[in-house]
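> the sequence and its predicted three-dimensional model are supplied below.
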Amino acid sequence: MAHPDDAYILSLFHEEKTKEKAFKMLIEKYQQVVYHAVRKYVYLHEDANDVTQNVFIKIWRHLDNFRSESSLKTWITRICINESLYFIEKKKKTTFFTDDKYTDHLLNVAAEERFFSSSRIEQLINEAILKLPEKQRIAFTMRYYDELPYEEMSKILNTSVGALKASYHFAYKKVEEFLKAAIN
């Protein structure tokens, strides 16, 4: 079954009597998109479920203010990234993990989860990505996995195309170096 287009969902959302119906339609359409977007940043299934729920709460609260300056999917993706990053920072503070300790924790738990491929190379790629600085990790994930154009990434992250290209380039080189060192 095809999902209704965003314009239709938004028109229903702006009417009080159809607001809840529209939101259910939005959840149905974007639930998997949101979960997978969040999962790429927080890595762990349980955390991704929590953040996904937070994303939809944010959407519910702020959808009336959506100005259609970008696509609804771009706007939702931006919320996914912001909520994921907020969650990671909060988790690090509550667990008293440093960045390195948190990365080690994620790698240990992720290795046990079935979501990640058992392929050694994919495990190494995941490890390399987790070790990247935050901006590079986001740029790499959006470009490499989601194959987003830099212009769309720029809208989502509210940063210049040039900065994103540089972040991706540095991230790509670091991942490549990590893989070469791990394989040799």
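Great, that's in hand. Numbering: from 1, shown residues only.
> what about stretch 134-153, how long is it end to end?
15 Å (Cα to Cα, to the nearest Å).
> run through who's touching that stretch.
37, 40-41, 74, 81, 85, 129-130, 132, 156-157, 161, 164-165, 167-168, 170-172, 174-175 (Cβ atoms under 8 Å, 6 or more residues apart in numbering). The C-beta positions use only the backbone N, C-alpha and C, and glycine is treated the same way.
> ChimeraX command to pick out the buried ones of these?
Of those, the buried ones go into a single ChimeraX selection, burial set by 16 or more other Cβ atoms under 10 Å:
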select :37,40,41,81,85,129,130,132,156,157,164,167,168,170,171,172,174,175
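> which of the contacts of stretch 134-153 fall in helices?
37, 40-41, 74, 81, 85, 129-130, 156-157, 161, 164-165, 167-168, 170-172, 174-175 (DSSP state H).
> hey, C-alpha coordinates of stretch 64-79 in CSV?
Below are the C-alpha coordinates for stretch 64-79, written out as CSV (Å, rounded to 0.1, in the frame of the first residue of the first chain):
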residue,chain,number,x,y,z
ASP,A,64,2.5,23.0,13.4
ASN,A,65,5.7,25.2,13.0
PHE,A,66,7.0,23.3,9.9
ARG,A,67,7.4,26.0,7.3
SER,A,68,8.1,23.8,4.2
GLU,A,69,11.4,25.5,3.6
SER,A,70,12.8,22.0,3.0
SER,A,71,11.1,18.7,2.4
LEU,A,72,9.3,17.0,5.4
LYS,A,73,11.8,14.1,5.1
THR,A,74,14.8,16.5,5.4
TRP,A,75,13.2,18.2,8.4
ILE,A,76,12.5,14.8,10.1
THR,A,77,16.1,13.7,9.3
ARG,A,78,17.4,16.8,11.0
ILE,A,79,15.3,16.0,14.1
